[in-house]
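Asks: sequence-free structure coming up:
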């Protein structure tokens, strides 16, 4: 694992290059351990949003929010719209600018509308009808960047 301490003042967050995360080291050869002595991950339903201000997740969520402000197109694949924090960011983004477009790569759009949280599920059909949402009705493995670009420019 290679961690730049200037970019990562916590000095304990990184991606192991092999399965042995217990013996990961920084560039100086010092062992890196999380506070809880286990890999950091957010899982769950409602509890996830409370962890957005912890550890590396605060940086990641901030980066997500600030990046959304710089784009007018968002491509989503493999996301079920089950996370309230992410959904709120997407909802704000798409409603803040009439030119913002969402490309959704989803083989089971009807099923997704049933599984997604209400704030998004209640708008998916409307967004599709108004061309704010453009659907690629397949899995990510059956699409390509050219198809996505065509949808964004149509």
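Replies: Sure thing, it's come through. Here the structure is a predicted model, which is why all the values come from computation and not from measurement.
Asks: so which elements touch the lowest-mean-pLDDT helix or strand in the chain?
Replies: Sorting the helices and strands of the chain by mean pLDDT, DSSP states H and E puts helix 55-68 at the bottom, at a mean of 84. Judged by 3 or more CB pairs under 8 Å, 6 or more residues apart in numbering; DSSP states H and E, helix 55-68 is in contact with helix 84-96. Where you see a C-beta, it was placed from the backbone N, CA and C, and this is true even at glycine.
Asks: now the helix or strand that the helix it packs on is followed by and helix 84-96, what's the angle there?
Replies: Following helix 84-96 in sequence order, the next helix or strand is strand 101-105 (DSSP states H and E). For strand 101-105 against helix 84-96, the angle by axes from the mean of the first three to the mean of the last three CA atoms, to 10 degrees is 130 degrees.
Asks: so what touches whichever helix or strand comes after strand 101-105?
Replies: Following strand 101-105 in sequence order, the next helix or strand is helix 109-115 (DSSP H and E). When contacts are defined by CB atoms under 8 Å, 6 or more residues apart in numbering, helix 109-115 is touched by residues 80-82, 104, 106, 121, 124-125, 135, 137.
Asks: of those, keep whichever come out buried.
Replies: 81, 104, 106, 124, 135 (16 or more other CB atoms under 10 Å).
Asks: parallel or antiparallel, list what pairs with the helix or strand hosting the last one.
Replies: Meaning residue 135. Secondary structure from DSSP H and E places residue 135 in strand 133-136. For strand 133-136, sheet partners with direction are given as strand 101-105 (parallel), following DSSP bridges.
Asks: and the contacts of the partner strand?
Replies: In contact with strand 101-105 (CB under 8 Å, 6+ apart) are residues 72-78, 90, 94, 112, 127, 131-136, 138-140, 143, 148, 151-152.
Asks: from the residues you listed, keep the buried residues only.
Replies: 74-75, 90, 94, 112, 127, 132-136, 143, 148, 151.
Asks: dump the residues you listed into JSON lines; add distance to residue 23 as well.
Replies: Formatted as JSON lines, these follow (distance: CB to CB, whole Å):
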{"residue": "74", "distance to residue 23": "38"}
{"residue": "75", "distance to residue 23": "37"}
{"residue": "90", "distance to residue 23": "38"}
{"residue": "94", "distance to residue 23": "44"}
{"residue": "112", "distance to residue 23": "41"}
{"residue": "127", "distance to residue 23": "47"}
{"residue": "132", "distance to residue 23": "48"}
{"residue": "133", "distance to residue 23": "46"}
{"residue": "134", "distance to residue 23": "46"}
{"residue": "135", "distance to residue 23": "45"}
{"residue": "136", "distance to residue 23": "42"}
{"residue": "143", "distance to residue 23": "39"}
{"residue": "148", "distance to residue 23": "40"}
{"residue": "151", "distance to residue 23": "45"}
